[in-house]
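# A predicted structure for the sequence below; I have some questions about it.
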Amino acid sequence: MIIIIGLGNPGKKFENTRHNVGFMAIDEFAKKNNFPDFVLNKKANALISENNKIILAKPQTFMNESGKAVRVLTKPYILNPKPLLVIVHDDIDLKVGKIKIVKERGSAGHKGVESIIKNIGNEGLIRIRIGIGGQNDVKAMKVVLKKFSKNEQKIINGVIFKTTDAIDSLIKNGHEKATNEFN
């Protein structure tokens, strides 16, 4: 079983904001791989799409509460063998256009990731961090809820495609090869 979770905030107000690049990447991956439409799983409070042995999810909690949805989603699959669990999210510390694959790391201050680690731990947890280009002198909340400039949006569109390729590589080649290819 493979579970891929894109992080973001629900609602029109947050569409196309920096914090929602995880949702954008999951949507593109679903489109590229002909997944069925997302449907709401009320128990997990997440939009879900399944294809073969892959579950795509977009928690409909706000970012800082993502761990609650992830815990409910992953609970049926905690038996051995553990599923491949991939979290796709924004990263204010990476430049726009960069992605980085990490495994079993701390949250680095990302509240959504922090919530997930608090709820399920980080054993086996693979994350694809998508750079949203924060600025040190600007409060994180002001940056993550902003939309991209036109130039940045072009870069983000490209990095979304690159992220879908990274997800494919993780599935087909494993963490180590995907990391070597995309970091």
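Here it is on my side, so go on.
# For the spatially most central residue of the chain, give me its contacts.
Central residue of the chain (Cα atoms, centre = their mean): residue 88, 1.8 Å from the mean position. When contacts are counted by Cβ atoms under 8 Å, 6 or more residues apart in numbering, residue 88 touches 4-7, 21-22, 25-26, 127-128, 130, 163, 167. Any C-beta I mention is one placed from the backbone N, CA and C, and that applies to glycine too.
# which helix is the longest one in the protein?
What stands out as the longest helix in the chain, according to DSSP state H, is helix 150-173.
# Against which helices or strands is that one packed?
helix 21-32, strand 84-91, strand 99-103, strand 125-131, helix 175-182 (3 or more Cβ pairs under 8 Å, 6 or more residues apart in numbering; DSSP states H and E).
# any idea of the angle it forms with helix 21-32?
Counting by axes from the mean of the first three to the mean of the last three Cα atoms, to 10 degrees, helix 150-173 lies at 60 degrees to helix 21-32.
# tell me the angle of helix 150-173 relative to helix 175-182?
Calculated by the same axes, to 10 degrees, helix 150-173 forms an angle of 150 degrees with helix 175-182.
# C-alpha coordinates for helix 150-173, CSV please?
C-alpha atoms of helix 150-173 as CSV (Å, rounded to 0.1, in the frame of the first residue of the first chain):
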residue,chain,number,x,y,z
LYS,A,150,3.4,35.6,-12.2
ASN,A,151,7.1,34.7,-12.5
GLU,A,152,7.0,32.5,-9.4
GLN,A,153,3.9,30.8,-10.7
LYS,A,154,5.7,29.8,-13.9
ILE,A,155,8.4,28.3,-11.8
ILE,A,156,5.9,26.6,-9.4
ASN,A,157,4.1,25.0,-12.4
GLY,A,158,7.4,23.4,-13.4
VAL,A,159,8.2,22.3,-9.9
ILE,A,160,4.8,20.7,-9.6
PHE,A,161,5.5,18.5,-12.6
LYS,A,162,9.0,17.7,-11.2
THR,A,163,7.3,16.7,-7.9
THR,A,164,5.0,14.3,-9.7
ASP,A,165,8.1,12.8,-11.3
ALA,A,166,9.7,12.5,-7.8
ILE,A,167,6.6,10.7,-6.5
ASP,A,168,6.7,8.3,-9.5
SER,A,169,10.4,7.7,-8.7
LEU,A,170,9.7,7.0,-5.0
ILE,A,171,7.1,4.5,-6.0
LYS,A,172,9.2,2.7,-8.7
ASN,A,173,12.7,3.1,-7.4
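# Flag every buried residue along it.
By neighbour count on 16 or more other Cβ atoms under 10 Å, the buried set for helix 150-173 is 152, 155-156, 159-160, 162-164, 166-167, 169-171.
# these two touch, right, residue 171 and residue 56?
No. Residue 171 lies out of contact with residue 56 (Cβ atoms under 8 Å); the separation is 11.8 Å.
# Just the pLDDT for residue 33.
pLDDT, residue 33: 96.
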